[in-house]
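1. here you go, sequence then predicted model.
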Amino acid sequence: MNLAQLFALSLEGRAAQPGLEHYTPEGRLETLTFGEIDAGANRMARALTARGLTRGGRLCVYLANRAEFIHLYIACQKLGAIFVPINILYREREAGHIVRDAEPTGIVTAGDFPGEGPIWPVDALSAEASVLAAERVYTPLEGSAPAALVYTSGTTGVSKGALLTHDNWAVNATNLITCWGITAADRLLLPLPLFHVHGLGNGIHTWLASGFRLRLLERFEHQRAAAEFKAFQPTMFFGVPTIYVRLLDWPDEVARQATASVRLFVSGSAPLAAQVLEDFRARFGHTILERYGMTETLMNIANPYRGERRAGTVGQPLPGVRVEIRDAQGNAAPPGTAGELYLKGPNVFEGYWRRPEATREAFDNGWFRTGDIGFCSEDGYYTLQGRRSDLIISGGFNIYPREIEEFLLEQPGVAEVAVAAAPDRVRGEVPVAYVVGPSDLNAADLEQRCRAALASFKVPRAFIQVDQLPRNALGKVQKHLLPPVQS
């Protein structure tokens, strides 16, 4: 089954039912039925065909969340074209690299594009599509056909395109629908950007496969969030840790009233601090479900919907996903011992676009090397400790920054923190903490607290106060952009 067939369960099977609420560019809230969404996608598919997009061709989309983004995505699946989302925060260097690498037939954008290429303004494209036939468009495809080319964030080098198949997306959607009990009766409030696999894979695919009602926001706006919850009364909310930190600013009464309808809060795309989970449970009366995924693999591991959602862990493997933790020599690590996570399953991508060497390096006898470090408990819960590239080796000792970050977040006055390596003449490198907190934050006090709770080699050698941590569009801290330590 390809995605067009999977989506038809709602687009055609629930054609008369309201499916999407979204804000128009003028700020008006509009509701579309599944049938209207399908008709818009069919018209868009014909407009794209008229402009030369064919099966296997690439379409770059540089848009914020809006209905046309969805029409374009569905249209590509109907045509067998490869959808290439581009982060709207990217500038010429990043966006230009994707265009040169993907070689798209067209680039759809709402305004100026920070690069060169065949620009297709979305308003003009939509106008062309509006007068075309709305009848079904369909291209026979195997599930192994490529559906999307999603580029990695490129924080440790040039961004690579992960080629994701129809099967990858479909398995991901059916896993989440099954494991999280998602039905057509649900209502999802989604503020996540659709150019990222979190919003696109977990949000759009589960929506179209199950037929629930979706309210799509252009972005998360803290000032409007409570009103959106109260007005829409969602049963589900998918967010990232920074959103949950902002929600903790709500007064207790607002928190309980605004989210009374919600049965499931999910967090991903960046580590959720155990303290945030506990504070959210106390304030909102809900335990956030944390899970673990990647651009190359979509969702891998999740805390259970029914069962213990264990703070600080990402839970247990999803159906069909195999996980191994291996030491530096490639041997299986026993429970409780840290190592690199290796993955195998129908969710894992085919490889990197036009990068055979990078693809070979990413796999070991069919197992994908994630680059993430973690360990598994005796009862099968996985805990992530950071990226392999984040590992700090100080005087021969391995230091996992997340352990220090989790401890510092428990301390009064610490709002956010990132721990990174700084060069050291004697020890090679040492941990340094970048802290967001009040102006009178006492670094000496934080150091003493660390010395009382952590091994001496884990104590940060400096506590640098910053106004904010550099993050990408999904809230993941970009440690390579932290200010250097002054010697």
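-> Done, it's in. Residues are numbered from 1 along each chain as shown.

2. ok, and what's touching stretch 403-412?
-> Outside of stretch 403-412, the residues within contact range by C-beta atoms under 8 Å, 6 or more residues apart in numbering are 273-276, 312, 385, 414, 416-419, 431, 433, 435, 446, 449-450, 453-454, 458, 460. C-betas here are computed from N, CA, C, even on glycine.

3. show the buried residues in the residues you listed.
-> Taking 16 or more other C-beta atoms under 10 Å as the criterion, what is buried in those is 273-276, 312, 385, 414, 416-419, 431, 433, 435, 446, 449-450, 454, 458, 460.

4. which parts of the helix or strand containing Ala282 are buried?
-> Assigned by DSSP states H and E, Ala282 belongs to helix 274-284. Using 16+ other C-beta under 10 Å as the test for burial, helix 274-284 gives Ala274, Gln275, Val276, Leu277, Phe280, Arg283, Phe284.

5. for this structure, which spans come out with low pLDDT?
-> In the predicted model of the chain, residues 153-157, 486-487 satisfy pLDDT under 70.

6. the strands in the stretch 251-400 of the chain, which residues?
-> Using DSSP state E, counting those that start in this stretch, the strands found in the stretch 251-400 of the chain span residues 264-267, 289-294, 298-302, 316-317, 322-326, 339-344, 351-352, 363-364, 367-376, 382-387, 392-394, 397-399.

7. dump these into JSON lines; add distance to His196 as well.
-> Output for the strands of the stretch 251-400 of the chain, formatted as JSON lines (distance: least, C-beta to C-beta, whole Å):
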{"stretch": "strand 264-267", "distance to His196": "14"}
{"stretch": "strand 289-294", "distance to His196": "11"}
{"stretch": "strand 298-302", "distance to His196": "11"}
{"stretch": "strand 316-317", "distance to His196": "22"}
{"stretch": "strand 322-326", "distance to His196": "23"}
{"stretch": "strand 339-344", "distance to His196": "19"}
{"stretch": "strand 351-352", "distance to His196": "18"}
{"stretch": "strand 363-364", "distance to His196": "24"}
{"stretch": "strand 367-376", "distance to His196": "18"}
{"stretch": "strand 382-387", "distance to His196": "18"}
{"stretch": "strand 392-394", "distance to His196": "28"}
{"stretch": "strand 397-399", "distance to His196": "29"}
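
8. next step: the contacts of stretch 403-412 restricted to strands.
-> Secondary structure assignment (DSSP state E) places Gln385, Glu416, Val417, Ala418, Val419, Pro431, Ala433, Val435 from these within strands.

9. so where do the helices sit in the stretch 151-300 of the chain?
-> Secondary structure of the stretch 151-300 of the chain (DSSP state H, counting those that start in this stretch): helices at 166-179, 197, 206-210, 222-232, 241-247, 252-258, 274-284.

10. gap between the most centrally placed residue in the chain and Tyr292?
-> Geometric centre of the chain, nearest residue: His198, 3.4 Å, by C-alpha atoms, centre = their mean. Remark: distance between His198 and Tyr292 (C-beta to C-beta, to the nearest Å) = 11 Å.

11. any shared contact partners between those two?
-> Joint contacts of His198 and Tyr292 (C-beta under 8 Å, 6+ apart) are Gly268.

12. out of the helices of the stretch 151-300 of the chain, which one sits most buried?
-> Of these, the one with the most neighbours on average (mean count of other C-beta atoms under 10 Å) is helix 197, at a mean of 29.

13. for the residue of the chain positioned farthest from its centre, which non-adjacent residue is spatially closest?
-> Within the chain, Val426 marks the point farthest from the mean C-alpha position, 38.6 Å out by C-alpha atoms, centre = their mean. Closest residue in space to Val426, ignoring its immediate chain neighbours: Gly395 at 7.5 Å, by C-beta to C-beta, 6 or more residues apart in numbering.

14. test my guess that the one you found contacts Arg425.
-> No - the criterion here is C-beta atoms under 8 Å, and Gly395 misses it with Arg425 at 11.6 Å.

15. quick one, which of the two is more surrounded?
-> Taking other C-beta atoms under 10 Å, Gly395 and Arg425 do not tie; Gly395 has more neighbours (12 against 6).

16. who touches the more buried one in this structure?
-> Per C-beta under 8 Å, 6+ apart, neighbours of Gly395: Val426, Arg427, Gly428, Phe457.
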